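Asks: Sequence and computational prediction follow.
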Amino acid sequence: MPPSRVVVGLLLPVVCAVFACGGSSGNEAGPSAAAAGVAGVPNGLSACGASSGAAGGRGDELAGVAAGGVSAGGVAGASAISGSAGNFEGGGPAGGDSAGQPGDVGPSGIRHPGLLTSLADLAAIKQHLANGDEPWKTELTQLQTRAAARKLHTPPSDRKIFCGGYNLDENGQKILECDYAVENGIDAYTLALLGYLKSDSTMSEQAIQFIMAWADNFQGFDPVARTGAQGNNALLQAGWTAPWYANAAEILRYTYSSWTADHTRRATKLLKVLLPEVENDAVGASNNWLHSRIEAHISIAIFVDDKAMFAAALADWKANTPSYFYIDSDGSLPPKPHRNVTDAALASTWDTPTYISGMTMETCRDLNHQQLGVRSIFNSLAMARTQSIDVLTGNDIRERLTTFLEQQAVWMLAKKAPAGACNQPIVVQPGTPPLLMDAAQPVPFEMAFKLLYGPSQTLPNARAAIVAKPSTGAARWVQKWETLTHHLVPAK
């Protein structure tokens, strides 16, 4: 018997400006739900209603931006969106645990599709494409280019994949299987987006093929250390891998009618193989490793519709995000991660003679690793937004995020780090020679801008960085087509 569901379009609207609330590559070594009229929102999390209208979550229009922040994606009214011709009626077949209807609220109170994009978000992107709007039109060609180059790498079914530090084995050789896990995840997500946006069942079927190849064969990442290898990347690889497949499967499950209960079962199996490596925030490195794993934990919880897991993952995000960003009110040391860390270890991680407002834990390491941590943090925030859950009230996380966006944009646009920052010149991209800030383009954070922008928070420097380098694309390990899904550059 299919689980009972509540169509989001019929929910009682609630006014609550969800995020206003007051206002590539680089492997590494070793309140109540009743307040929103939505049953089952995790305890301890406040839920806010979404703005109405299918286009509320995307575009240059300021109409979809709530006072002080972005709208929650236009979820109310989503039930009126029936999808496109062919197999895109907006959900899988009735019956079984896969019954995906557009704008569903699952048994736990989690909304679907509900990861990086809601159904209303996807419909708004589709409308921009129908209108020929930029940058969506250009971004679509990038998706199509990526899809044309896809190559399925079926994982081994008789063993776990070992990924040493930098994805090298004990002999210093590159382990391509580690890259393939994420590359095929990018392919699956790209194909799932194209299938919906172009009403192309061939793309959707190909996305399913990629997901199921990994679901049916993948045994996990081997957590056992090997002599000679530079650490073990199993925790990190799981954090990088799970969100791609979860986002792809979520879109297919709730927009493509040929997605079946068996597909749901198999995709769930894949994600639960990865779950043990991402659910404990007290293990592994506390830098970008931790935040990619929190993103993965949230992604899995939403797809499998697990309220308790979702609450735990969001709690980890709220507990650990402050430690990644320094602001002046922190004083002599930044906050510690949600674990036991000595002052000396903390200072070593940050590696700076002077803590400067807007720096992150990894600014002085290099900005490539920093963007991995930052993008995962905002990917997680985007999923909270899609679920209409406010995680920015009652804490200083908004201040930390906006300070980072504005200050780092100033430094990148000026091609100069602030005096006293870091013990060595800031590296943008490691290499031989490394790319330094004086020769680098700005690093745009479009999803971050979309999530935090509002009339009282216009983020002019972050906007200028986006204008200077307007496309982010998709790339290993956590950069997920955010120009397509979260573009917003309002008038000055």
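Replies: That came through fine. Residues are numbered from 1 along each chain as shown.

Asks: In stretch 411-430, which residues are buried?
Replies: With burial defined by 16 or more other CB atoms under 10 Å, the residues of stretch 411-430 counted as buried are 411, 412, 417, 418, 421, 422, 426, 427, 428, 429. Just so you know, the C-beta spots here come from the backbone N, C-alpha and C atoms, and that holds for glycine as well.

Asks: Give me the contact list for that stretch.
Replies: Defining contact as CB atoms under 8 Å, 6 or more residues apart in numbering, one finds that stretch 411-430 is touched by 26, 351-354, 356, 358-359, 363-368, 434-443, 461, 464-465, 468.

Asks: Start and end of it, how far apart?
Replies: Chord length of stretch 411-430, first to last residue, is 18 Å (CA to CA, to the nearest Å).

Asks: Helix or strand: which one has the one residue sitting closest to the centre of the chain?
Replies: Within the chain, one residue has its C-alpha closest to the average C-alpha position: by CA atoms, centre = their mean, that is residue 379, at 2.5 Å. Counting by DSSP states H and E, the element that carries residue 379 is helix 367-386.

Asks: Beyond that helix, next helix or strand please.
Replies: In the C-terminal direction, the helix or strand that comes right after helix 367-386 (DSSP H and E) is strand 389-390.

Asks: Which strands or helices does that next one pack on?
Replies: If you count contacts as 3 or more CB pairs under 8 Å, 6 or more residues apart in numbering; DSSP states H and E, strand 389-390 packs onto strand 46-47.

Asks: mind redoing it with 10 Å?
Replies: strand 46-47, helix 307-320 (3 or more CB pairs under 10 Å, 6 or more residues apart in numbering; DSSP states H and E).

Asks: before we move on, back to that, ok, the closest residue to the residue nearest to the centre of the chain other than its chain neighbours - contacts?
Replies: Among residues not flanking residue 379 along the chain, residue 295 sits closest, at 4.8 Å (CB to CB, 6 or more residues apart in numbering). Under the criterion of CB atoms under 10 Å, 6 or more residues apart in numbering, the contact list for residue 295 reads 115-116, 239-240, 242-243, 246, 278, 313, 317, 375-383, 478, 480.

Asks: Name all residues that make contact with residue 160.
Replies: Here residue 160 is in contact with 218, 219, 220, 221, 222, 223, 224, 234, 273 (criterion: CB under 10 Å, 6+ apart).

Asks: would CSV of those with neighbour count and distance to residue 129 be doable?
Replies: Shown next, in CSV, are those (neighbours: other CB atoms under 10 Å; distance: CB to CB, whole Å):
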residue, neighbour count, distance to residue 129
218, 23, 33
219, 13, 39
220, 18, 37
221, 23, 36
222, 17, 42
223, 15, 42
224, 8, 47
234, 24, 39
273, 19, 35
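
Asks: Which pair of the residues you listed spans the longest distance?
Replies: Pairwise distances across the contacts of residue 160 peak at 16.9 Å for 218 and 224 (criterion: CB to CB).

Asks: pretty sure residue 358 is touching residue 374, no?
Replies: No - under the criterion of CB atoms under 10 Å, residue 358 is not in contact with residue 374, lying 11.6 Å apart.

Asks: Who has more neighbours out of these two?
Replies: More neighbours surround residue 374 than the other of residue 358 and residue 374, with 26 against 22 (other CB atoms under 10 Å).

Asks: Look up how far residue 232 lies from that one.
Replies: Counting by CB to CB, to the nearest Å, the gap from residue 374 to residue 232 is 24 Å.

Asks: Thank you kindly, that will do.
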